[in-house]
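Visitor: 3D model of this:
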Amino acid sequence: MLKLDDLWYGRSPLIWPLLPLTGLYCAVAVARRAAYRWGIAKTQRLDVPVIVVGNLTVGGTGKTPLVGWLARFLMQQGYRPGLVARGYGGKARHWPQQVRPDSDPAAVGDEPVLLAQTTGCPMAVAPDRVAAARALLAHSDCDLILSDDGLQHYALGRDIEIAVVDGVRRLGNRFCLPAGPLREPAGRLERVDMVVSNGLAGRNEYGMQVQAGDAVNLLTGERRPLRSFRDEPVHAMAGIGRPERFFDDLRREGLSIDAHAFPDHHAFRAEDLAFADRTLLMTEKDAVKCRRFARADFWAVGSRVEVNQRFGERIMALLQARRNHSAASRR
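Guide: This next block holds a predicted model:
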């Protein structure tokens, strides 16, 4: 069965009938950005620095692991970051919502719960990221806002923009939706402060590597290296933007797996995992939704994120420039 990814990242002529809609989509995206730039639509600035980490394409690029890395890096540099996100998939009745490590992912989204667990930072989610950020500033001592996604959420003023791209698939056929995977025209990448490539980095990009880490048992918290599963057949499942990336990581560790892919942000139920008649390995993001019906042979595979050293140096330089500008404007 032909999937959108086959069209977006291939050369299929089946996209041609979609090009008129793509032209309309691009025109709306450009006009919307211009409305904020010219002050027709209002951008709201906060009293603390704001860093937005987003992507230009639909689907997973490794953005959330980078946000987690960046939150921990900023804490090491003496900042107290607060995290905001849309809360995609969350069904809360009221927004914004504070997110804690034990929050219900069905209410606030799976990625926010994962970030709260792995960073320990205060976090809030809402479709209106300005409201989420203001809630954090009112109820925590954070001195910097870090937004997971939101590159196109121009209502939230930002000091630093970071775009994450897939180092292999790049921008696909470079068309906007629906003929291609882009949320905005490709030229938007030229206007961000930094481009991070998950994989091979191109010119003027910062490389990032996301590799599978240890497995942690969902019930007991026991930790095992992945190589310890080499001598047994295991199930592996992933409900992320690119499940094959996770499966390939396990195979590179020498594991023999039966792979089960689910849609990104899938709301798992116990019956979805009826196939699991032996050890089941899953991503950390999926684990936050499966913990309530976990069995003794359910394991979450962590991730190790490595980022080019120059990336952290550039972040600190941009934050220092912002401080200098703010100090000069107060004189």
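Visitor: Which secondary structure elements does the longest helix that the chain contains sit against?
Guide: Longest helix of the chain, by residue count under DSSP state H: helix 309-330. Judged by 3 or more C-beta pairs under 8 Å, 6 or more residues apart in numbering; DSSP states H and E, the packing partners of helix 309-330 are helix 63-76, strand 160-166, strand 194-198, strand 206-217. C-beta coordinates here come from the backbone N, C-alpha and C atoms, glycine included.
Visitor: average pLDDT for the third one?
Guide: Per-residue pLDDT over strand 194-198 has a mean of 96.
Visitor: Give me the contacts around it.
Guide: The contact list for strand 194-198, computed with C-beta atoms under 8 Å, 6 or more residues apart in numbering, reads 61-62, 66, 160-167, 189, 202, 204-210, 307, 311, 314-315.
Visitor: Next: stretch 123-140.
Guide: So stretch 123-140 is contacted by 44, 46-48, 50, 80, 82-87, 90, 95-100, 108-109, 112, 115-116, 122, 142, 145, 147, 150, 153, 155-156 (C-beta under 8 Å, 6+ apart).
Visitor: List buried members of these by neighbour count.
Guide: Among those, those classed as buried by neighbour count (16 or more other C-beta atoms under 10 Å) are 46, 48, 50, 82-87, 90, 95-99, 108-109, 112, 115-116, 122, 142, 145, 147, 150, 153, 156.
Visitor: and the residues you listed, which of them are in helices?
Guide: Val108, Pro112, Leu115, Ala116.
Visitor: how about CSV for these, with distance to Asp214 and pLDDT added?
Guide: Shown next, in CSV, are those (distance: C-beta to C-beta, whole Å; pLDDT from 0 to 100):
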residue, distance to Asp214, pLDDT
Val108, 26, 95
Pro112, 23, 95
Leu115, 19, 96
Ala116, 20, 96
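Visitor: Just the buried ones among the contacts of stretch 123-140: which are in strands?
Guide: Val50, Gly82, Leu83, Val84, Ala85, Gln97, Gln98, Val99, Ile145, Ser147 (DSSP state E).
Visitor: Let's have the residues you listed in a markdown table, adding distance to Gly241 and pLDDT.
Guide: Output for those, formatted as a markdown table (distance: C-beta to C-beta, whole Å; pLDDT from 0 to 100):
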| residue | distance to Gly241 | pLDDT |
| --- | --- | --- |
| Val50 | 24 | 98 |
| Gly82 | 25 | 98 |
| Leu83 | 19 | 98 |
| Val84 | 20 | 98 |
| Ala85 | 15 | 96 |
| Gln97 | 23 | 96 |
| Gln98 | 26 | 96 |
| Val99 | 20 | 97 |
| Ile145 | 24 | 98 |
| Ser147 | 18 | 97 |
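Visitor: which among those gets closest to Asp6?
Guide: Comparing those against Asp6 with C-beta to C-beta places Ala85 closest, at 29.3 Å.
Visitor: Contact partners for that closest one?
Guide: So Ala85 contacts Gly109, Glu111, Pro112, Leu115, Met123, Val125, Arg129, Ala132, Ser147, Asp148, Asp149, Gly150 (C-beta under 8 Å, 6+ apart).
Visitor: Contact partners for the second one?
Guide: Contact analysis of Glu111 by C-beta under 8 Å, 6+ apart lists Thr64, Ala85, Tyr88, Asp148, Lys285.
Visitor: Skip the chain neighbours and tell me the closest residue to the third one.
Guide: Right, Tyr88. Gly109 (5.2 Å; C-beta to C-beta, 6 or more residues apart in numbering).
Visitor: what does the second one give?
Guide: The spatially closest residue to Ala85, leaving aside those adjacent along the chain, is Asp148, at 4.2 Å (C-beta to C-beta, 6+ apart).
Visitor: Pretty sure the one you found sits against Leu115.
Guide: Yes: at 6.5 Å, Asp148 and Leu115 qualify as touching, with contact defined as C-beta atoms under 8 Å.
Visitor: And the strands in the stretch 151-300 of the chain, which stretches?
Guide: In the stretch 151-300 of the chain, strands defined by DSSP state E, counting those that start in this stretch lie at 160-166, 194-198, 206-217, 223-224, 234-238, 257-261, 280-283, 298-307, listed in chain order.
Visitor: Buried residues of the fifth one, list them for me.
Guide: Read it as strand 234-238. Result for strand 234-238 [16+ other C-beta under 10 Å]: buried residues Val234, His235, Ala236, Met237, Ala238.
Visitor: do the last one as well
Guide: By neighbour count, and taking 16+ other C-beta under 10 Å as the criterion, the buried residues in strand 298-307 are Phe298, Trp299, Ala300, Val301, Gly302, Ser303, Val305, Val307.
Visitor: Need the contact partners of that strand.
Guide: The contact list for strand 298-307 (C-beta under 8 Å, 6+ apart) reads 65-66, 68-69, 196, 206-219, 224, 226, 246, 249-250, 276, 279-284, 286-287, 290.
Visitor: go with 7 Å
Guide: Here strand 298-307 makes contact (C-beta atoms under 7 Å, 6 or more residues apart in numbering) with 65-66, 69, 206, 208-218, 226, 279-284, 287, 290.
Visitor: again with the first one
Guide: Applying C-beta under 7 Å, 6+ apart, the external contacts of strand 160-166 come out as 51-56, 61-63, 66, 151, 171, 189, 192-199, 315, 318.
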